[in-house]
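J.: Generate coordinates for the sequence data below:
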Amino acid sequence: MVYNVMVVDDAAMMRLYISSFLKSRKDFKLVAQAANGQEALDKLPDLPDLDLILLDIEMPVMDGLEFLRHAKLKTRAKICMLSSVTVQGSPLAAKARELGADGVVSKPSGTVSHDLEEKTGDELTRVMRALVGA
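T.: The predicted structure is shown next:
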């Protein structure tokens, strides 16, 4: 089974790193990208088969927490926070969970983590597979 993923992150380089990470996982397919929460919300009606959203928190226009407030009404996709500010147990991670995030994974080295795959790849893969029931 292949699971459809949308990446929501304002940093174009981070979207590229996540895209590359997903390409190396045969069971996940990048089907959409957005640079902020509003752009992602606007795309949801066109993505009925979306399984998973990887979501940053700090973004212009609409941040990840505001996106969470609306997204659960518009999609059945699981949502995993992937942010440098959602360290496990942090207040922002707790707020994200309270607003409906299904999983939380920290970017390993800041906003644009070029080392995502090498430092967090196993954890992110495990969380993604658990969320989609793989």
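J.: Report the contact partners of the closest residue to V61 other than its chain neighbours.
T.: Spatial nearest neighbour of V61, excluding adjacent residues (Cβ to Cβ, 6 or more residues apart in numbering): N36 at 4.1 Å. For every residue, glycine as well, the C-beta is placed using N, CA and C. Contacts here follow Cβ atoms under 8 Å, 6 or more residues apart in numbering; on that basis N36 touches 8, 10, 59-63.
J.: Can you name the residues that contact H70?
T.: For H70, the contacting residues are 37, 41, by Cβ under 8 Å, 6+ apart.
J.: ok, now V2?
T.: Neighbouring residues of V2 by Cβ under 8 Å, 6+ apart: 26-29.
J.: sorry, back to before: need the pLDDT of the residue nearest to V61.
T.: In this model, N36 is scored at 98, pLDDT.
J.: Next up, phi/psi of it, please.
T.: phi -160, psi 170 (degrees, to the nearest 10).
J.: rewinding a little: show the buried residues in the contacts of N36.
T.: Buried by 16 or more other Cβ atoms under 10 Å: 8, 10, 59, 62-63, out of these.
J.: got the residues you listed as TSV, with secondary structure and pLDDT columns?
T.: TSV is the format used below for these (DSSP: H, G, I helix; E, B strand; the rest coil; pLDDT from 0 to 100):
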residue	secondary structure	pLDDT
V8	strand	98
D10	coil	96
M59	coil	94
M62	coil	96
D63	coil	95
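J.: Among the residues you listed, pick out the one closest to S20, please.
T.: In terms of Cβ to Cβ, no member of the buried ones among the contacts of N36 lies closer to S20 than V8, at 16.6 Å.
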